[in-house]
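Enquirer: any chance you can model this:
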Amino acid sequence: MGIVRNPRSHRNQGVAPEMADCSNILTETPRTREELYHTLAGFARRGIDYLVVDGGDGTVRDVLSCGSDVFGDIWPTLIVLPKGKTNALTVDLGLPNHWSLAEALAAAHRGHTVTRRPLRISPAEEGADARRVQGFILGTGAFSIATEAGQEAHRRGAFNSFAVGLTILWGILQTLFGRAGNPWRQCTPTRIVDRRTGVRLPYTGPGHADERYLMVATTFEKFPLGARPFGRDPAPGMKLAVIDWPVRWIIAMLPAILFGFNSRFLTRNGAQRFHANELELDVAGPFILDGETFPAGRYMLGEGPQLTFVVP
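Expert: Numbering: from 1, shown residues only. As a prediction, this is how the structure comes out:
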């Protein structure tokens, strides 16, 4: 078993690592991406059976991104110990907020696992300097502003689903009552193309067809606060939610939309849902992947390898 431990994660600060004295458990605390890559390469050479991520969603993202060149499409079984501030992956996997390594190992011995595919984001142009990254929630447009607001909620002591709820509420209020210059009401030049068909995703909002207010892509099947943005039983794989333009009545209905409400009337006015396998995303503003900001550009967005996670 190899453990990647992030000592800076919210619930790891000042706490000793679990089971660090066991001879068959390798615990590493890489401080840079280069160190993380070498740690994962060392784990691969040792032939670990389980890869433990002791941290939050950002630590999972970094492990999946650095490990893509190490493990390729064949990964060891993953165990996530939720120690971050939001832990959205924990909700999707159905993990308790406080899950010990001993409890995870007991679940692993019982064979309790589920599979997920992360999002894989690669630079669209050959030889591009941007690195390939993997994670579970990607957002553009207003999602970037919401992530900044979520960080402020963390600084004020709100975490996990409570922080998500506060951020959504604040964003709705700002978008509903903000004036034209309010950043919450701005759209971002965005082009989304289905690579299989070569067709741009339809634009049905009242604004400009080359802009989008918000786009969120994920492979999650369960969401914080019990939300159901893709319906009661979302299909596995990559899903997109897009709001073309900040129409005030649509924003006012956002809580209902998040909890599963859908209609053709919403779709005709710019609140859309899609399923896709591979997209080309050309965005003029930054995008957020599991809490980290990445630069504007043209990217290929698809599904990564099938991963096996231990669950209770």
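
Enquirer: state the mean pLDDT of stretch 259-277.
Expert: Mean pLDDT, stretch 259-277: 90.

Enquirer: end to end, how far does that stretch reach?
Expert: Length of stretch 259-277, first residue to last, C-alpha to C-alpha, to the nearest Å: 24 Å.

Enquirer: tell me the buried residues in that stretch?
Expert: 262, 266, 269-274, 276 (16 or more other C-beta atoms under 10 Å). The C-beta positions use only the backbone N, C-alpha and C, and glycine is treated the same way.

Enquirer: with stretch 87-95 instead?
Expert: Result for stretch 87-95 [16+ other C-beta under 10 Å]: buried residues 87-93, 95.

Enquirer: same deal with stretch 193-201?
Expert: 193, 201.

Enquirer: list the contacts for residue 292?
Expert: The neighbourhood of residue 292, defined by C-beta atoms under 8 Å, 6 or more residues apart in numbering, consists of 58, 61.

Enquirer: in contact with residue 210, which residues?
Expert: 189-191.

Enquirer: before we move on, what about residue 253?
Expert: Taking C-beta under 8 Å, 6+ apart, one finds 261, 266 in contact with residue 253.

Enquirer: separation between it and residue 271?
Expert: The spacing between residue 253 and residue 271, counted by C-beta to C-beta, to the nearest Å, is 8 Å.

Enquirer: next: residue 173.
Expert: 18 Å.

Enquirer: kindly report the same for residue 222.
Expert: 21 Å.

Enquirer: again, but for residue 239
Expert: 14 Å.

Enquirer: which members of the buried residues of stretch 259-277 are the farthest-apart pair?
Expert: Using C-beta to C-beta, the buried residues of stretch 259-277 span at most 21.3 Å, a distance reached by 269 and 276.

Enquirer: give me the below-cutoff pLDDT ranges for the stretch 51-200 of the chain.
Expert: Along the stretch 51-200 of the chain, segments meeting pLDDT under 70 span 126-130, 148-168, 170.

Enquirer: if we go to 80?
Expert: 85-86, 125-131, 146-181 (pLDDT under 80).

Enquirer: contacts only, for residue 55.
Expert: 4-6, 9, 12, 81, 83-84.

Enquirer: in the sheet, who's paired with it?
Expert: residue 82 (DSSP bridges).
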